[in-house]
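Visitor: here is the input, now give the coordinates:
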Amino acid sequence: MRKLPVKHSIRRQFALIFIGLMSAAIFSCWLINIIFLEQYYIRSKTQVIFAAHDSIRQAANSNLYSTEEFERELGDVCGIYNITIYVMDVNSQVRYASSNGGMELEKRLMAYLFGFLSDTVHVIEEGDDYVVQRVRVGDDEYLEMYGRLNSGISFIMRTPVESIRESVKVANRFLAYIGTAAALAGGIIIWIVSGKITKPILELNSISEKMVHLDFEAKYAGGAHNEIGLLGQNINKLSASLEQSISELKTANNELQKDIEKKEEIDGMRKEFLANVSHELKTPIALIQGYAEGLSEGVNDDEESRNFYCEVIMDEAAKMNRMVQKLLTLNQLEFGNDVVAMERFDLAAMVKNYVQSAGILTRQNEIQVCMEEYEPIYVWGDEYKIEEVFMNYFSNAVNHCGGEKKIVITLTQGEDVVRAGVFNTGEPIPEAAVPHLWEKFYKVDKARTREYGGSGVGLSIVKAVMESMNRKYGVENYTNGVLFWFELEKA
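Guide: This is a model prediction of the structure:
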C-alpha cells in the first residue's frame, strides 16, 4: 500500500513555531535590555541614592552621625550598590566618609558648594536640598547627588555609570548565550514532545489509509483521554460501522446474485423439465393411444387379446403415474418446498423392515439378499426421506442385479457417521456414465430401463434428499458389481 507524501509535517511545524516564538521572545528581551536596561539601572541607582539621602537627613535631624547604626547602614548601602559617600557638618568636619574613596569627594563637595567646579554635568533632578546629575570626570562617567540640608549638613554621593553599562553588556551577552542554549534545548524537547503528540495522529492516518482500502482490522489502541483519543475512538466506531455496512451490502449483493442465479437455474430447470417430461411421456402416451384405438376399432375380437390390450394400457398408465409422483417429489426437494424433519431413528431397523417388505420382489427375481444382524444404530435424519433413498438404491439393485444375483446390504459405523451401502452383482457402470447418474432422466441402458419401467428420476431424488441434509452419497464400481452408498450423522 503506497503512502501519500507528507508535505507539511505537524511535528516540524510544532518545532519551528516553538523555536521561532522562543527566539522572538529572547530577541525581544535582548533588544529591550539594550534600550531600557541601562536607564532602568540608573533609575534604580537613583532610588538607592535617594534612600541614602533620606538616611542622612534623618540622622541630621536626630544628630545621630556618631552612632554605629548610622555608619553601618550607610556602609551596607555603599558595599551593596557600589556608592561612595562623603558627609560633613556645618563646621566642615567629616561626619561620614565611605571606605571606598569617600575622602576623595571632600574637595568635589567644596567645589559644588562654592560653585567653581568646571566639569560637564547633566542635571537629572533638582530639589530644595539636593541635585542629581550625571557628570564626566576624565574618561569616567558618574551618577552624583550633592546638597546641603536645613541642619547645615552637606553631603555628596556618587556611583560609576560605566559599571552599569558593563553590567548591561554582561547581562545582554549572558542572555544571548542562555537564550541560544534555551532555544536549542527547547527545540529538541519540543521535537521529542511533538513526536509523542504526532505519533497517535500518524497511527490514525495509517488506520484511515487501511480503511480506504476496506481493511477494517486495524484499531486505534491509544489510551489518551484527550481530543486525539476521542478522535481514535470515533474512528474505531466508524471502522466498525463501515465494516458492518459493507458486510451487509456484500451479503445483500451475494443474496441478490444467488437469487439471480437461482432464477436462471429455475428457468433452465423448467425448460429442461418440460423437455424431459415431454420426451418421457411421449412413448407411454403413444402406446396407450395406440392400444386404446385398437380396442375401439375392434382389432382383435377375442377376449384374450382385449385383456392384453387393457393390461398394456393399465401398465403404461401406472408407469406414467409413478413417474409423475417421483417428479412431484423431486420438484418439492429441488425447490426447497419440502421441509426436512431431522429426527433420531434406528437405521438398522428401518433397513431390515424394508428388506423384509421387498422379499416378494427379490424372490420373484431369484435374488439372494445378504445382510448381517445389526444392533440398533441410531442416526439423525428424515426417516421417511432416508427410506425413499434406500428404496431407490434397492430397486436399482434389483433391476440391475446379474451374475451371482446377490444383493449385499452393509451398515458401517465410523467415528461420527454411519455409511449404508447397497451392493448388487452384475456389470459395472461405464465410467463415462458415472458422473451423469444423478441427473434427471439419465439412463445408462435405455432399452433395459424401459423393460422394467424405470424413469431415470430415482437417483435424482437421492441426490436432492442427501443434499437437503448436507450429507455425502456416491457410487463405486467393482469388477463383479456396483455399490451405492450414503452417510448419516451418528446419534
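Visitor: what's the span of stretch 73-91, first residue to last?
Guide: 24 Å (Cα to Cα, to the nearest Å).
Visitor: how about stretch 365-380?
Guide: Termini of stretch 365-380 sit 33 Å apart (Cα to Cα).
Visitor: now do the helices in the chain.
Guide: 10-32, 38-62, 68-81, 106-114, 161-212, 227-297, 303-334, 347-357, 359-364, 383-400, 446-452, 458-468 (DSSP state H).
Visitor: closest one to residue 419 among those?
Guide: Closest to residue 419 of the helices of the chain, according to Cβ to Cβ: helix 347-357, at 10.2 Å. C-beta: built from backbone N, CA, C; applies to glycine.
Visitor: if we can go back for a sec, figure out which of the helices of the chain is closest to residue 155.
Guide: It's helix 38-62; of the helices of the chain, that one is closest to residue 155 (Cβ to Cβ) at 5.3 Å.
Visitor: quick check: mean pLDDT across that closest one?
Guide: If you average the pLDDT over helix 38-62, you get 79.
Visitor: need the nearest residue in space to residue 124, chain neighbours excluded.
Guide: Once flanking residues are discounted, residue 124 sits nearest to residue 132: 4.6 Å by Cβ to Cβ, 6 or more residues apart in numbering.
Visitor: my guess is the one you found meets residue 49, correct?
Guide: Yes. Taking Cβ atoms under 8 Å as the definition, residue 132 is a contact partner of residue 49 at 7.0 Å.
Visitor: what is in contact with the two at once?
Guide: By Cβ atoms under 8 Å, 6 or more residues apart in numbering, residue 132 and residue 49 have these common neighbours: 143, 145.
Visitor: more crowded one of those two?
Guide: residue 49 (22 against 19; other Cβ atoms under 10 Å).
Visitor: for this protein, what helix or strand is lowest in average pLDDT?
Guide: helix 446-452 (a mean of 46; mean pLDDT, DSSP states H and E).
Visitor: the residue lying farthest from the centre of the chain and residue 152, how far apart?
Guide: Distance to the chain centre peaks in the chain at residue 91, reaching 97.6 Å (criterion: Cα atoms, centre = their mean). Going from residue 91 to residue 152 by Cβ to Cβ, to the nearest Å gives 8 Å.
Visitor: for residue 172, same thing?
Guide: Taken as Cβ to Cβ, the span from residue 172 to residue 152 is 45 Å.
Visitor: more crowded one of the two?
Guide: Comparing residue 172 with residue 152 by other Cβ under 10 Å, the one with more neighbours is residue 172, at 18 against 11.
Visitor: so who does the residue nearest to the more buried one when sequence neighbours are not counted touch?
Guide: Leaving aside its chain neighbours, residue 172 sits nearest to residue 33 (4.9 Å; criterion: Cβ to Cβ, 6+ apart). If you count contacts by Cβ under 8 Å, 6+ apart, residue 33 has them with 168, 171-172, 175.
Visitor: pLDDT added to those, as JSON lines?
Guide: Compiled in JSON lines, the contacts of residue 33 are given as follows (pLDDT from 0 to 100):
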{"residue": "168", "pLDDT": "72"}
{"residue": "171", "pLDDT": "76"}
{"residue": "172", "pLDDT": "76"}
{"residue": "175", "pLDDT": "77"}
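Visitor: narrow those residues to those that are buried.
Guide: 168, 172, 175 (16 or more other Cβ atoms under 10 Å).
Visitor: out of those, who's nearest residue 124?
Guide: Closest to residue 124, out of all of the buried ones among the contacts of residue 33 and judged by Cβ to Cβ, is residue 168, at 18.0 Å.
Visitor: what's near enough to touch the closest one?
Guide: 33-34, 37-38, 41.
Visitor: most neighbours among those residues, please name it.
Guide: Among the contacts of residue 168, the one with the most neighbours (other Cβ under 10 Å) is residue 37, at 20 neighbours.
Visitor: could you find the closest non-adjacent residue to it?
Guide: residue 168 (4.8 Å).
Visitor: hmm, residue 30 and residue 172 touching each other?
Guide: Yes. Here residue 172 reaches residue 30: they are 5.8 Å apart, a contact under Cβ under 8 Å.
Visitor: what about residue 241, distance to residue 194?
Guide: Taking Cβ to Cβ, one finds residue 241 at 31 Å from residue 194.
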